[in-house]
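Student: Just to be clear, the model below is a prediction. Sequence and coordinates:
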Amino acid sequence: MATEARSIATTPRRYGWLASKQSRERLQRGVAYLILSAVSIIYIFPFYWMVATSLKSDQEVFQWPPAWIPAVPRWENYPAALQYIPFWLYMKNTFVIAILSVIGTLTSCTLIAYGFARLRWPGRDVVFIAYLSTLMLPFQVTMIPLYIVFRHLGWVGSYLPLVVPTFFGSPFYVFLLRQFYMTIPNELSDAARIDGCGELGIFWRIMIPLTKPALFTVALFTFLAQYSAFLGPLIYLTNQDQWTISLGLQLFKNMYGLQWQKMMAASTLTMLPPLILFFFTQRTFVEGITLTGIKG
Amino acid sequence: MSVMGIRIERGHRERRWRELALGIAFISPAIIGFLAFTIYPVLMALYYSFTDYNILQPPLWIGLDNYRDLITRDKTFKIAIWNTLYMVVIGLPIHLVFDFLMAMLLNVKIRGRSLYRTIFYMPSITPIVATAILWLWIYNPQYGLANSVLQALGLPTIGWIADPFWSKPSLIFMGMWYGGNTILIYLAGLREVPAELLEAAELDGANAVRRTWHVTLPMVSPVIFYTLIINMIGYFQYFTEAWVMTAQRSGAAGGPLNSMMFYTMYLYQNAFQFFKMGYASAMAWILFLIVLVATVVLFRTSGWVYYRSE
């Protein structure tokens, strides 16, 4: 009898009410709700705290215990923050660099991924593995010689060191695009070839239109990575007028006396573009990450 | 060009050459990029690491002096290695386990799952500098949110990043806040675990813990391995958060008693603040070797990773 009880799940024996599948699942869901809600509150709270601080008065910021809600929201902290640093200039610079990088990445990585995914040539897979393995190389190893080269070229203090390399491919995005290209049936390309279409034609007329979601994913990832990049701009943007917003936010911290409300106001505004972008593109994000994550 | 005496048909050979040429043409940006932005700088970094080089004067060959000084004399270098290993050995597992647990919870079929997913993902898309500044404020020892929470719970307050003992745990805790990317990768892996297998295990009387241990974990082990490798390399390069939180106008960084001086921060300082390019290059190569060895060790000991296709 004991073996029977073990093998037949519907037999409620050992755990009383917990033995039925439905009540077990209900308990599971309840626990999941509870923990997720608790952790979610912890996750959201820093955001709330940032916005709350950005609307506080001087006294409220340095009040102990802290005021949970500003008595009178001081919206004037925002214009003050935007004047304290050249916020819009830094935003513009950030967008220029990010958009140029998106163009560079899309141009180079689509071609490279096509070459690795859709063309058959001797040695292809070995070359691809070698190319991918450069992902393991810490950025710091190439950082110094590249800085010296760009300095010789007179590029330090311009956007060129940040943008030009994106036109020569990035293993991560090549990998991602290759995954997408591999899913497209070969018959399509073969039919086009029989019709006398060249490889570039196939690439441009079949592959690009069919992989628009993938291109969008890569564009998003590139944009966000460049939007929040720090070390690269820190090294190359020696001219303060060319700074990105990530460098600019530091100005609040380094000035005499920390201006917490203004700093939080500027941080809030800096976080907005990626968050807005995310809300409109959630699906793409999830798909992109799903594809990059696994299925090697 | 006949191989082992086998005559290759001429048309066939020509076609292979054409295929090769076409393939190379398409990936030519990668080849140029690989040579210009990887091979050349890696080799030059090796050369500079044997020199004394301040950019203004040509590099002066000094053999292994940089390496010797780093290993035998430089105290900050040792602190930076220790701090970085702290993050890799303690921070990385905490981060991965927490993210996995969150992914497991988000995988339970509940209402509002996509809202939770959004909440967990949001911090990881916000710019790291803004995040670091926000947490600098949260961790403020006098007026910060973190201490007010401790106080509300009746616990003693602590110095957070102002205290050498708590500074690295503070960074690890902060890092748990933006693990959304890893959570999403785990979630994708969990979705691929065949429901039949879990049901079969349940029919056999396996409880939830055993099902997770014997079915779910092996099935997602390739994903865990991937996040382990990627995040490990990331932790070895830990920089922006600690830099933003500790950098002073004077150029000094690293926090109290250098407790937040990480490898890449010290490397950056040597290269771009002290202009010791050769010294920093030696550091870069040592980092490269450490990451390489750690990666090889992980691959060698990856017997626990289960690939379904095998």
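Tutor: Sure thing, it's come through.

Student: quick one: the residue sitting nearest the centre point of chain B and B:Tyr139, what's the gap?
Tutor: Centroid check for chain B by Cα atoms, centre = their mean gives B:Gly234 as the closest residue, at 1.4 Å. According to Cβ to Cβ, to the nearest Å, B:Gly234 stands 22 Å off from B:Tyr139. C-beta here means a position set from N, CA and C on the backbone, and glycine is covered the same way.

Student: ditto for B:Leu184
Tutor: Going from B:Leu184 to B:Tyr139 by Cβ to Cβ gives 27 Å.

Student: Equivalent analysis for A:Ile129, please.
Tutor: 43 Å.

Student: Could you check which of the two has the larger neighbour count?
Tutor: Taking neighbours as other Cβ atoms under 10 Å in any protein chain shown, A:Ile129 and B:Tyr139 compare with B:Tyr139 leading, 24 against 9.

Student: ranges for the strands of chain A?
Tutor: For chain A, no strands turn up when DSSP state E is the criterion.

Student: Need the single longest helix in it, by residues.
Tutor: helix A:21-54 (DSSP state H).

Student: show me the residues around B:Phe225 that make contact.
Tutor: B:298, B:302, B:305 (Cβ atoms under 8 Å, 6 or more residues apart in numbering or on different chains).

Student: Model confidence for residue 112, exactly?
Tutor: Using chain A here. For A:Ile112, the pLDDT comes out at 97.

Student: let's do chain B instead
Tutor: At B:Gly112, the model reports a pLDDT of 85.

Student: now swap in A:Gly257 and tell me
Tutor: 64.

Student: what do you get for B:Gly180?
Tutor: B:Gly180 is assigned 88 on the pLDDT scale.

Student: give me every residue that touches it.
Tutor: Applying Cβ under 8 Å, 6+ apart, we find B:Gly180 in contact with B:120-125.

Student: Same check on B:Ala271?
Tutor: A:143-144, A:147, B:277, B:280-281.

Student: how does it look with 7 Å?
Tutor: Neighbour list for B:Ala271: A:144, B:277, B:280 [criterion: Cβ atoms under 7 Å, 6 or more residues apart in numbering or on different chains].

Student: thinking again about what came up before, for the longest helix of chain A, packing partners?
Tutor: helix A:260-280, helix B:92-107, helix B:113-125, helix B:128-138 (3 or more Cβ pairs under 7 Å, 6 or more residues apart in numbering or on different chains; DSSP states H and E).

Student: that older thread, most neighbours among the contacts of B:Ala271, which one?
Tutor: Greatest neighbour count in those, by other Cβ under 10 Å, goes to A:Ile144: 28 neighbours.

Student: so it makes contact with B:Ala45?
Tutor: Yes - in this structure, A:Ile144 is within contact of B:Ala45 by Cβ atoms under 7 Å, at 5.9 Å.

Student: Can you show me the strands along the stretch 201-310 of chain B?
Tutor: Taking DSSP state E, counting those that start in this stretch to define them, one finds no strands in the stretch 201-310 of chain B.

Student: how about the residues of it near chain A?
Tutor: Residues of the stretch 201-310 of chain B lying close to chain A by Cβ under 7 Å from any Cβ of the partner chain are B:202-203, B:205, B:222-223, B:226, B:233, B:236-237, B:239-240, B:244, B:249, B:264, B:267, B:271-272, B:277, B:280-281, B:284-285, B:287-288, B:291, B:295.

Student: which among these end up buried?
Tutor: Taking 16 or more other Cβ atoms under 10 Å in any protein chain shown as the criterion, what is buried in these is B:202, B:222-223, B:226, B:233, B:236-237, B:239-240, B:244, B:264, B:267, B:271-272, B:277, B:280-281, B:284-285, B:287-288, B:291, B:295.

Student: I'd like the contacts of B:Phe225 as CSV, with neighbour count and pLDDT appended.
Tutor: What follows is the contacts of B:Phe225, written out as CSV (neighbours: other Cβ atoms under 10 Å in any protein chain shown; pLDDT from 0 to 100):
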residue, neighbour count, pLDDT
B:Leu298, 14, 94
B:Ser302, 15, 89
B:Val305, 17, 89
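
Student: among the residues you listed, which are in helices?
Tutor: Per DSSP H, helices hold the following members of those: B:Leu298.

Student: With only the CA atoms kept, save stretch B:106-126 in CSV.
Tutor: The C-alpha trace of stretch B:106-126 is given here as CSV (Å, rounded to 0.1, in the frame of the first residue of the first chain):
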residue,chain,number,x,y,z
LEU,B,106,8.9,35.0,-10.8
ASN,B,107,8.5,31.7,-12.6
VAL,B,108,5.5,30.7,-10.4
LYS,B,109,2.3,31.3,-12.3
ILE,B,110,0.8,34.3,-10.4
ARG,B,111,-1.1,37.3,-11.5
GLY,B,112,0.8,40.5,-12.1
ARG,B,113,4.0,38.6,-12.9
SER,B,114,5.0,41.0,-15.6
LEU,B,115,4.6,43.9,-13.2
TYR,B,116,7.0,42.2,-10.8
ARG,B,117,9.3,41.4,-13.6
THR,B,118,9.3,45.1,-14.6
ILE,B,119,10.1,46.1,-11.0
PHE,B,120,13.0,43.8,-10.8
TYR,B,121,14.4,44.8,-14.2
MET,B,122,14.1,48.6,-13.8
PRO,B,123,17.2,49.2,-11.7
SER,B,124,19.4,47.4,-14.1
ILE,B,125,18.7,49.8,-17.0
THR,B,126,19.2,53.0,-15.0
